[in-house]
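Q: Next comes the sequence, and after it the predicted model I'd like to discuss.
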Amino acid sequence: METKRSNDPLHGITLKKIVEDLVAFYGFDTLGELIKIKCFNENPSVKSSLTFLRKTDWARKKVENLYIRTLPKMQQD
């Protein structure tokens with residue numbers, strides 16, 4: 001039996017890992033400039049960001065797209 005491999009670069013990656021990786025790479029200051037959402041700019045934390053992003057599809061899409069664009073840079077380090 002052949003296993004299909006997903007073409008989705010986010011397959012198997014949790015939203016928590018995405019946020020933690022982006023915060024580690026950019027920090028909340030830069031993240032807040034790149035994606036202008038309150039949870040990155042006012043009293044930011046991973047927990048509050050996850051709460052907001054899980055409820056807000058458009059914001060989650062922006063974060064996921066930034067993660068996909070940032071992946072090659074993160075893998076160079």
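A: Right, received. Where do you want to start?

Q: CA only for contacts and neighbour counts going forward, please
A: Will do.

Q: now the helices: where do they sit in this structure?
A: 15-34, 38-41, 46-55, 57-76 (DSSP state H).

Q: mind checking how far the residue nearest to residue 62 when sequence neighbours are not counted is from residue 6?
A: Excluding its sequence neighbours, the residue lying closest to residue 62 (Cα to Cα, 6 or more residues apart in numbering) is residue 35, at 7.2 Å. From residue 35 across to residue 6, the span is 27 Å (Cα to Cα, to the nearest Å).

Q: With neighbour numbers in mind, choose between these two.
A: residue 35 (15 against 9; other Cα atoms under 10 Å).

Q: thinking the more buried one is in contact with residue 61, fair?
A: No: look at residue 35 against residue 61 with Cα atoms under 8 Å: they stay out of range, at 10.7 Å.

Q: Return the distance of residue 38 relative to residue 21.
A: Residue 38 is 19 Å from residue 21, by Cα to Cα.

Q: between these two, which one's more packed in?
A: Remark: of residue 38 and residue 21, residue 21 carries more neighbours, 16 against 13, as counted by other Cα under 10 Å.

Q: list the contacts for the more buried one?
A: Under the criterion of Cα atoms under 8 Å, 6 or more residues apart in numbering, residue 21 has no neighbours.

Q: Distance-wise, check it relative to residue 67.
A: Taking Cα to Cα, one finds residue 21 at 8 Å from residue 67.

Q: Residue 74 too?
A: For residue 74 relative to residue 67 (Cα to Cα), the value is 9 Å.

Q: With neighbour numbers in mind, choose between the two.
A: Remark: of residue 74 and residue 67, residue 67 carries more neighbours, 19 against 13, as counted by other Cα under 10 Å.
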